[in-house]
Every structure is written in C-alpha cells, then in structure tokens.
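A.B. asks: I'd like to go over a predicted model; first the sequence, then the structure.
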Number of protein chains: 2
Amino acid sequence: MAPPSTASGYFQESYDLRIAELAEERAQGKTIVGTFCLYVPDEIIFAAGADRIVLCGGRADTIAPAEQMLPRNICPLIKSSFGAILDSRAGGTASCPHVRLVDAVVAEATCDGKKKMYELLPEYVPTYVIDLPQKPGSPEAAAYFLAELRKFGKFMEDLTGNRIRPGDLQREIASANETRKLLHRLFARRKRDPPPIRGSEILRIMQRQFFLSPDRFRTGLRQLCEELDHASTPARTGPRILIAGCPMAAGNTKVADILEQKGAAIVVEESCTGTRAFWDLVDESTDPWTALAERYLRIPCACMTPNDDRIARILDLAKEYTVDGVVYYTLQFCHAYNIERLRVQKALKKEKIPMLAIESDYGDADAEQIGIRIDAFLEMVS
Amino acid sequence: MAPPSTASGYFQESYDLRIAELAEERAQGKTIVGTFCLYVPDEIIFAAGADRIVLCGGRADTIAPAEQMLPRNICPLIKSSFGAILDSRAGGTASCPHVRLVDAVVAEATCDGKKKMYELLPEYVPTYVIDLPQKPGSPEAAAYFLAELRKFGKFMEDLTGNRIRPGDLQREIASANETRKLLHRLFARRKRDPPPIRGSEILRIMQRQFFLSPDRFRTGLRQLCEELDHASTPARTGPRILIAGCPMAAGNTKVADILEQKGAAIVVEESCTGTRAFWDLVDESTDPWTALAERYLRIPCACMTPNDDRIARILDLAKEYTVDGVVYYTLQFCHAYNIERLRVQKALKKEKIPMLAIESDYGDADAEQIGIRIDAFLEMVS
C-alpha cells in the first residue's frame, strides 16, 4: 500500500489556514454561508460574492448533546450536524469551529431526517432551505428546481447586497468545472493496479472539497496528481474495493480505515464524498441557471426516485475501476440508502460482482464485528 | 364510556360487501387502483370512471415476509404494506385481500421509506408515483403539484380509456366534500363532555374511509350521526385525549385500545386516520384541477417543511375539543413525525397542555410498558 503523499501535508496546512482565512474575510464584511449537502450549488454562493464552508457532520462527540433533543434512532450524520450547531451556539469549544463563522446555513430538502432537523435550526442560526423535486426525470421537475435555484440566488443577493450577473455565474461554473476535471484526473490514477494512493487518504481530501477555497483545493489536487504520476508503484496490494452509499463526513473514516487495516485497496467511492461530488460537469454552453439546475438535479442521491442512474453508475465504476467487490455503506437508520441497497444488490448480482452491506453509526461498538465481516468478504473476493 | 353504536354493524357489513362489489366491478371491466396515502386525490380516480381501495398497511402478520427483503429498522406501516403485496403476489391468503383486486397502485413521494419501497413494487404490480414538493408554501410548489396531478389524470385516462372532463371532476369534488362535511358533523359530536362515542370506534370507521364506496360510507356516517344525536349520555368518562401523529392503518388500533383500557376518552385524532383526512374542503367555485392541487397540498403531513399549519391545527383542536392531554403517536423509525414532535411539544408546553410521546411498532412486546406510561399520564392529567 502507498505511503501518504506529501500533498497530504499541503491539504492539512490548508485546513488550518482556512479557518483563519474565513475569520479574516468575515471581519472584512464578507458573507459566509454554511452548507451540508451537494445539492447546494457553490457557484451561486461564490457568484454572489460570498464564501462557503461545509459544516461538520462526521464527528462522534457532538452526537450526545444532539440526542438530548433529537430521537436517538436517526442517522448519526444528522445528529452530529445538529449537535455541532447546538454545542457551538452554547459556547462549546470541543465541537465544529465552522458554525461560528457563518452568517446563515443553506440547507436542502433531501432526506426526512435532515429536512425536519433543519426546522429546528432557525433558533440557533438563520437558515434557508432549497426545495428539491423527488422524481427528477420530468421537465416539470426541472422547471421547479430551476425556480428554486433562482429563489436561492435572490436570497444570496439579499444576504450579500451583491447582484448575481450571468457573467459571475459563468465564471464560477468554469471554476467549479475545473475542480471537477481535476478530480476526474485524480480518480483516473486509481484505476492502476495496484492503486498509487490509499482510499482513506482520498476520502480525507474529498471531505475538504467544500471546505477549502477552490483555488487552494485545486493547487493541492494538481500537486497530488503530479506526485502520483511519478510515484514508484507500491509493492503490496489487496482486493480492489468500491465503496458505495452514504457520505462519510469529515471525522468519519471508520469503515474505510477498517477496510484498509484488513488489507483492502479502496479504489473508488460512489458517494457524496466520492464520485457524486464531481462526476457530472455543468454545461458551459447554455444559460447558466438552467445548466446548474440540470446538473445538480442529476446528482444520483437515494432521496431521488427512481434512482436508476445511480445503479448504472455503480456498475460502470465497478467495471472501469476493475473492482473485486463492492462495500455498500449505510449510515444507521438512513432509510433511503438502506432500501435502495436491494436494487443495487440485485444489479451487482446480475453482473456477478460480490457485495457486502455495512450499516453503522459513528461509535466503536461494532468495529470488531465489522472487521470480522470485512475479513470474510475480502477472503471471498481475493 | 359509550357502547358500540349500531352503525358499527352497518360499517362491518359494508366491509364484507365491498370486497365482493370490487370483484364484481372488476369482472365487468372497471379499473380498480390501490392507494396508500391521503395525497392521492380520490376525485381524479373516480372522475376517470375507476374505483379505488386503500391497501392494507396496519397488519402485523405481513411484516415478517417483508423483513426478508426490507431493512428491519424502518416503520411497521411500510413493512406491513410491502409484505401484504409480497404475500398476495406469492399466492398467500393470510394477508391483504385488496391487492389482488387492483390493476395498479397509485403511490406518492411522501416519506423516504415509502418512496423507496414503492421502487420495489413494479416487480409485483404496476405502480404510478405522484411527486410532491416538500416546501409547499410557494406559488412554484403549487404549480409543480398541479402539473403532477394533471399527469396523474393523464395516467388514469390511459389506464381506464375514459376522458376526465371538468364536469366529472366537479361532480367528484362535490361528492368528496359531502363526505368531508359529514365527517365534520360526526367529529363535532365528540366535543360533548362526555363524548358519545369511543375513539377506537371512530378509528375503525376512519380506517374504512378510503376503502368503502363514498355512498355507502356516507350512509353509515349519517346513520351514526343520527344515533349519536339521540344517544343517552354515557355515565362514565375519563380524561379527554387528543391523539396526534402517524396514521393508524386498518389492523393497527394498539395505542387507541390501550388508552381506552386505561380509562381515557379519545375525543379527536390529528392524523391521516383522523382530521388530516377530511378537514379541508376543496374549493368548488374555481378551476377543479387548481382547487384539488391547493387543497391536497395543504394536508399537514410531517413530510412537508416547515409544517407550521399542523402545529396550529393541533393547538386549535386541543382547545375546540377541550382536551386534558395529547398523546403524540409515532410509528417506530418514522423520522419525520418523530423529529416534528419537538416543535409540537414546545407549542403545547407554551399552552400548558400535557403531552405523552409514544413510539411503537405493531408488536405486543411494548404493550405493557406503554400501558404503564399511559396510566401515569392519565393520572397526571385527571
């Protein structure tokens, strides 16, 4: 397995600098918004002259305060996200440092748990919610989402006092597409056998995609691609694994870590902290608002019905990355990904690709049991 | 507490007749669709010359077959509904007799669990899904839902071979409004102290609302209202309870039964098997499609965000029906109602109305514990 890249030092350093950068921006009057989800277009935020950071949702230590209010039997990401805001607004310091930096949270109507948790936020932080159609295949759904994005643009204009001109949006679309192309370039390197970089390292980088400034993030990606092109091929490798499923937010690397401890080579992640974040580009040749609506509504999240594109993409990735098996990862109590598992499993079975389903929270209680199941799975696919 | 009404005999008889009636209709070429949810307008189905029955979702015995496919940690209503279809299509006889009678299922994108379960249905029965906006307050959301209803109308036209003319729709709207007005008349009787009818009896009637033919259902309602107007006031009563929360589908009367065993007088249900089913009328003075979209989008289900109308309605009902306490009922793992509980609880607390939260499935394992909690609650509110 490959040693950590030196680019990883750059990403770590950038993380520390970023908090100071945002505080400085804010002191100078710049608007900062916090986001939780891929469905909120960065392009609109930047075009309004604001900055953004993704809010924490992967930390285990903010779950206990959240459970004093929220039901226990909802997904850890939602509890962790809410707990981070509760803790921060209560003056807590152990938790997410991002919350204190934002003027507003921009949320989205994706899953039931998040949608309803967002209703509790206005007591702690101004919150705007973008609605999403749930059956994205029709012209009516596209028109509804386009209207929702335009309303969000208006919200950002009111919040910042800046007007979003088509040129601003086009510039930001080009910028975001550049990032997406670099991520494609990085992920393509992982098709090699053995892969030149650990999946857990990629995951930690992807967790920062919506936290770092686009410029700094791209600098790190370029440096990393360069390094990987000149890296000597690592001697040791294991079964090639695709992880498909729920996002692994910053702080949550549990299943990826266990997989690598057990000898797997994670070669690609079909998730919000993987391909879903960057796979499709925004069409730069057409009206920017329409192009954004089209691209973002194409994100194959399990909150959409039916989600056939996701199943097709998993099959494509499994072939492109010549995987030996798929680990289907579900955050505990995430109904959408959990039920969609049935259709994914059926499609993989048809292609004779083995799959292991893991449903887990942020605790350590099930780590050993997961390790045993992964051991057995890797032995089977080796 | 009041003895069962003699109208209840009429409703029971009607149930038995209905299965034969539907089989006969079908034999004569009439289209029958199965529904699961209040968001599917009966008016459109009837206007297309079809008939409809609500499909079973409250039976415990169909959960085990469902759990062989679906995750266990999703709500019992979804598992029961899916299990009923599985069992029926596998030739099972212990389960829902309705499934075998339908040409198609008309479903809706409400909660995550149902939305994703519906994706599995086409393998067993033709399935059509109506999309819903999730943030219903805007003109854009209204327009999107209107478009979805028109598409559903088209689907029904294609399925039946009949055209839906505005006059058909107006006739069915008037019919459905008549039912709604009768239900208002029935529920108003329950404002008396003590109430002249048990809540569990009302629940069993409400569970048949979308199963019986509108004519027969109304005949039963009229008979029942007459009886209640001439009933002698029962001597004994208990604390007046409002049940708010998830639907109690046919077969599931567990919490209502325990409440009455413990001496409560259930006087009103804020649920899909209560006020949500009939409270708002469709405006008969405007374009029927637009009027339907407006009325149906106003249903205050917890899948909507924010759902302030529901909270306001619970407070109104608590006052109108002079309740001593609210039992907040959640089907296990129903994230939307479970999280919305926080806002309901806060609003009730402000009005000094006590609330007891019960989250339960269709099993008996927690019945004794629920009984103990209800005992303590009733003692407190007496």
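C.D. replies: It's in.
A.B. asks: how about the residues of the stretch 201-350 of chain A near chain B?
C.D. replies: With C-beta under 8 Å from any C-beta of the partner chain as the criterion, the stretch 201-350 of chain A meets chain B at residues A:302-303, A:305-307, A:332-333, A:335-336, A:338-343. C-beta coordinates here come from the backbone N, C-alpha and C atoms, glycine included.
A.B. asks: let's see 7 Å
C.D. replies: Counting by C-beta under 7 Å from any C-beta of the partner chain, the residues of the stretch 201-350 of chain A close to chain B are A:302-303, A:305-306, A:333, A:335-336, A:338-340, A:342-343.
A.B. asks: for the stretch 1-150 of chain A, which spans come out with low pLDDT?
C.D. replies: The stretch 1-150 of chain A contains residues with pLDDT under 70 at A:1-5, A:93-95.
A.B. asks: which residue ranges form the strands in it?
C.D. replies: Using DSSP state E, counting those that start in this stretch, the strands of the stretch 1-150 of chain A run over A:32-35, A:51-54, A:104-108, A:127-130.
A.B. asks: would you say A:Ile243 is within a strand?
C.D. replies: Yes: assigned with DSSP: H, G, I helix; E, B strand; the rest coil, A:Ile243 falls within a strand.
A.B. asks: gap between it and chain B?
C.D. replies: Distance from A:Ile243 to chain B, counting by C-beta to the nearest C-beta, to the nearest Å: 19 Å.
A.B. asks: so that residue makes contact with A:Cys272?
C.D. replies: No: between A:Ile243 and A:Cys272 there is no contact under C-beta atoms under 7 Å: 11.7 Å.
A.B. asks: Who has more neighbours out of the two?
C.D. replies: Each of A:Ile243 and A:Cys272 has its neighbours counted (other C-beta atoms under 10 Å in any protein chain shown); A:Ile243 has more, 26 against 23.
A.B. asks: Now for the more buried one: which residues touch it?
C.D. replies: With contact set as C-beta atoms under 7 Å, 6 or more residues apart in numbering or on different chains, A:Ile243 has these partners: A:256, A:266, A:269, A:271, A:327, A:329.
A.B. asks: for chain A, longest helix please?
C.D. replies: Ranked by residue count and defined by DSSP state H, the top helix of chain A is helix A:166-189.
A.B. asks: next one: that helix to chain centre, how far?
C.D. replies: A distance of 16 Å separates the centroid of the chain from that of helix A:166-189, by C-alpha atoms, centre = their mean, to the nearest Å.
A.B. asks: for the helix or strand just after it, packing partners?
C.D. replies: Downstream of helix A:166-189, the next assigned helix or strand under DSSP states H and E is helix A:199-206. Contacts defined by 3 or more C-beta pairs under 7 Å, 6 or more residues apart in numbering or on different chains; DSSP states H and E place helix A:199-206 against helix A:254-261, strand A:265-270.
A.B. asks: Output these in a markdown table; the columns should cover mean pLDDT and distance to B:Pro133.
C.D. replies: What follows is those, written out as a markdown table (pLDDT from 0 to 100; distance: least, C-beta to C-beta, whole Å):
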| stretch | mean pLDDT | distance to B:Pro133 |
| --- | --- | --- |
| helix A:254-261 | 98 | 34 |
| strand A:265-270 | 98 | 28 |
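A.B. asks: For A:Arg222, grab the count of nearby residues.
C.D. replies: Residues lying near A:Arg222 (other C-beta under 10 Å) number 14.
A.B. asks: Setting aside sequence neighbours, what's the nearest residue to it?
C.D. replies: A:Leu182 (6.6 Å; C-beta to C-beta, 6 or more residues apart in numbering or on different chains).
A.B. asks: got the contact list for the one you found?
C.D. replies: A:Leu182 neighbours (C-beta under 7 Å, 6+ apart): A:218, A:221-222.
A.B. asks: possible to save the residues you listed as TSV with pLDDT?
C.D. replies: Listed next are the contacts of A:Leu182 as TSV, based on pLDDT from 0 to 100:
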residue	pLDDT
A:Arg218	97
A:Leu221	97
A:Arg222	97
